[in-house]
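Asks: Here's my sequence, what's the structure:
(4 chains)
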Number of protein chains: 2
Amino acid sequence: MLRAKIQDVARLADVSLSTVSAVLNEKAIVKESTKQRVLEAIDRLRYRPDYYASNLARRQTRLFGLIVSNLINPFFAETAQAIETEARAHGYEIALTSTQFSPARLRECVQQMLGSRVAGLAVMTSERDDEAFSAAEASGIPVVFLDVGKPGERATNIRVDSRGGMFAAVNHLIHLGHRELLLIRNSQKECGPPLLSHRLRDQGFAAAVRKCGIEDLTTLTVDVAGPGADAGYQAIATIAEGSTFTAVIAITDMVALGVYRGLQERGLRIPQDVSVIGFDNTYISRFLTPSLTTVDIPREELSRAVVSALLTQDKEREGGGQIKLATRLIVRESTAPPPAS
Amino acid sequence: MLRAKIQDVARLADVSLSTVSAVLNEKAIVKESTKQRVLEAIDRLRYRPDYYASNLARRQTRLFGLIVSNLINPFFAETAQAIETEARAHGYEIALTSTQFSPARLRECVQQMLGSRVAGLAVMTSERDDEAFSAAEASGIPVVFLDVGKPGERATNIRVDSRGGMFAAVNHLIHLGHRELLLIRNSQKECGPPLLSHRLRDQGFAAAVRKCGIEDLTTLTVDVAGPGADAGYQAIATIAEGSTFTAVIAITDMVALGVYRGLQERGLRIPQDVSVIGFDNTYISRFLTPSLTTVDIPREELSRAVVSALLTQDKEREGGGQIKLATRLIVRESTAPPPAS
DNA sequence: CTGAAAGCGCTTACAG
DNA sequence: CTGAAAGCGCTTACAG
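Replies: Sure thing, here's the model as predicted:
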């Protein structure tokens, strides 16, 4: 069974190609009766314009590319959703692709997006790859990086204020009276250097500790490889009996979920024995028991910032841009004063 | 800045178009020295073949379309990921799109996929739309529906054995001694008729109850609109004081998460006071406290079944197919005998 | 408002 | 192994 083409529609409706095209794209004004004939023919033939032919013939697409690391991480999924909604509101589709944290896949994805002549490209991955980044920047289309480091000459860089979030988290714990903090990070396998967004959270933690002015503050940092919840669980399960801590900061909510489980298995109650803070404010965090104190990254603002940057024309964006997004600590039930010692 | 085209590469490398194309597509064998020249030119010009032009010129794409309801639901995200991995192993890309549970969006998505001349289309949505389905079937490409009802003439239908899963869940509870069961379902707004996969789970529940042969079995079903966890929480929060139940079956793990929270707020312990069973075996379920007893839908088998059906040629698939996928109850900590009354 | 014609950037037989 | 030519199915000026 052969696909109908625009020719077939034109013939059946007894009009010219341009008329069918006009009806399809609602560009020119077509006489109502003609339009009906065309519509009927389209319907009868189950005609669907060929996407490749029409995009080839057009000068441009109404498509934004969005590259994320992974769809299973709720933060990426929620953010992708928010961006798609925002983009649709402006008449753009989203082509979504995920890298599974592989720099090589990231390069492929960028090339694929450029080959799809996207009107703009957002790269929101944890991993980074210089070649991929420079290819994106050199393309001439609007490019947005999320927390990906070097602002670059032309790209817009969105920086989530992870540092600020970490400051808030650390200060919250200190004010509650905690003096022994445990920071748990996870890394994906084969990921090369640590994820920038994690590094920023990291640095924020270190800076907050340094600046708080508390002398007897003790900190410990644990790194575990693997998916979030597994890593958080492992971190707690394998930490030496001797190590003492009254509060845990998990680098993501998923890690915190694993921490919850690990603590419970060791017979430690949250928050009576140990306080826990997450990062990302994912959907599940407020349904956990106890509900999770976490750092919120504003999805709405983020998606608006991304789309508006992608919509921006070249001339307006010389020198690249830097957009900073505030974070906010959401205090819930998982944090409380440390147990009396 | 203009994109380089194949012409530019040919000119710079001093060869013909077909030679460049041969290098690009690794079809014909090109002399090594020529190949190097071409590769160099490609590199120098940052050339990227235009996706639309090449797909238009080709007879076919190596692209499968995948339509899901929503990316935030971990089940869809995890399944999409598994399918993408499986498809890549066979040399196919996945175009992923989500409907947000809207039948109108589903129609658009199908049309868009057909316009993209996908080599196969998998529809894994909770909602359904006859027009969209028949458009997909009429297209002549391999089509796979997941739990979407009517097998159709040509499409393959994958049925998850929800009924079997529900039987296992109900029987597990009955064997533990439970006699008062609560089933909690959620529905998405604007979704029209109840989701088929939920209906199947529903019917499975009813059938299991009917067939178990226990006389004094009491069941209650509650419906709440909204996202999973919210719905589960609301269901428990708003259920009348008088209603008694010793076990809850949640229609999805996300609903179970909300149920956990709701029960805890009402001072009920899991599983000492109330047992809870979920559905989907999502990533988070084993990290909850207590870990969640749930019905597993085998992701691997599912993705293999989907991809293999999409790969199947027309002739082999006359009359459509029906593939049934077994489910399995995973017993964890959230189920135990009911409290002594 | 409608029609004929050129062109989008590739791929693919087909000759050489 | 390489080159010239046709064609993929649209869109878009440009005349009418």
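Asks: List the contacts of the host helix or strand of A:Tyr233.
Replies: Per DSSP states H and E: A:Tyr233 is located in helix A:228-238. With Cβ atoms under 8 Å, 6 or more residues apart in numbering or on different chains as the test, helix A:228-238 has contacts from A:73, A:184, A:186-187, A:222, A:224-226, A:248, A:250, A:252-263, A:265-266, B:283-284, B:287. For the C-beta atoms, the positions are set from N, CA and C on the backbone; glycine is no exception.
Asks: In it, which residues are buried?
Replies: Neighbour counts over helix A:228-238 (16 or more other Cβ atoms under 10 Å in any protein chain shown) mark A:Gly228, A:Ala229, A:Asp230, A:Ala231, A:Gly232, A:Tyr233, A:Gln234, A:Ala235, A:Ile236 as buried.
Asks: Find the nearest non-adjacent residue to the first one, please.
Replies: Same thing as A:Gly228. If the residues on either side of it in the chain are set aside, A:Gly228 comes closest to A:Met254, at 2.7 Å by Cβ to Cβ, 6 or more residues apart in numbering or on different chains.
Asks: and the one you found, how many residues sit next to it?
Replies: Residues within reach of A:Met254, counting by other Cβ atoms under 10 Å in any protein chain shown, total 29.
Asks: next one: the one 4 residues further on
Replies: Burial of A:Gly258 is recorded as 28 neighbouring residues (other Cβ under 10 Å).
Asks: What are the buried residues along the host helix or strand of it?
Replies: Assessed by DSSP H and E, A:Gly258 sits inside helix A:253-265. Buried residues in helix A:253-265, defined by neighbour count with 16+ other Cβ under 10 Å: A:Asp253, A:Met254, A:Val255, A:Ala256, A:Leu257, A:Gly258, A:Val259, A:Tyr260, A:Arg261, A:Gly262, A:Leu263, A:Gln264.
Asks: Could you tell me the per-residue confidence at the first one?
Replies: Listed pLDDT for A:Asp253 reads 96.
Asks: wait, it sits on A:Gly278?
Replies: Yes: assessed by Cβ atoms under 8 Å, A:Asp253 is found in contact with A:Gly278 at 4.0 Å.
Asks: shared neighbours of those two, anything?
Replies: By Cβ under 8 Å, 6+ apart, the residues touching both A:Asp253 and A:Gly278 are A:Ser285, A:Leu292, A:Thr294.
Asks: Give the residue spans of chain A that score low on pLDDT.
Replies: A:1-2, A:148-153, A:189-195, A:313-320, A:341 (pLDDT under 70).
Asks: which parts of it sit against DNA strand D?
Replies: By Cβ under 7 Å from any atom of the strand, the residues of chain A that approach DNA strand D are A:3, A:5-7, A:17-18, A:20-22, A:24-25, A:27, A:47-50, A:53-54, A:56-59.
Asks: ok, of the residues you listed, which come out buried?
Replies: Neighbour counting over the residues of chain A next to DNA strand D (16+ other Cβ under 10 Å) leaves A:5-6, A:20-22, A:24, A:47-50, A:53-54, A:56 as the buried ones.
Asks: Kindly indicate which of the residues you listed lies nearest A:Glu131.
Replies: A:Leu56 (27.4 Å; Cβ to Cβ).
Asks: Helix or strand for the closest one, just tell me which one.
Replies: If you go by DSSP H and E, A:Leu56 is part of helix A:51-57.
Asks: Does that helix reach DNA strand C?
Replies: Yes: against DNA strand C, helix A:51-57 shows contacts by Cβ under 7 Å from any atom of the strand at A:Ala53, A:Leu56, A:Ala57.
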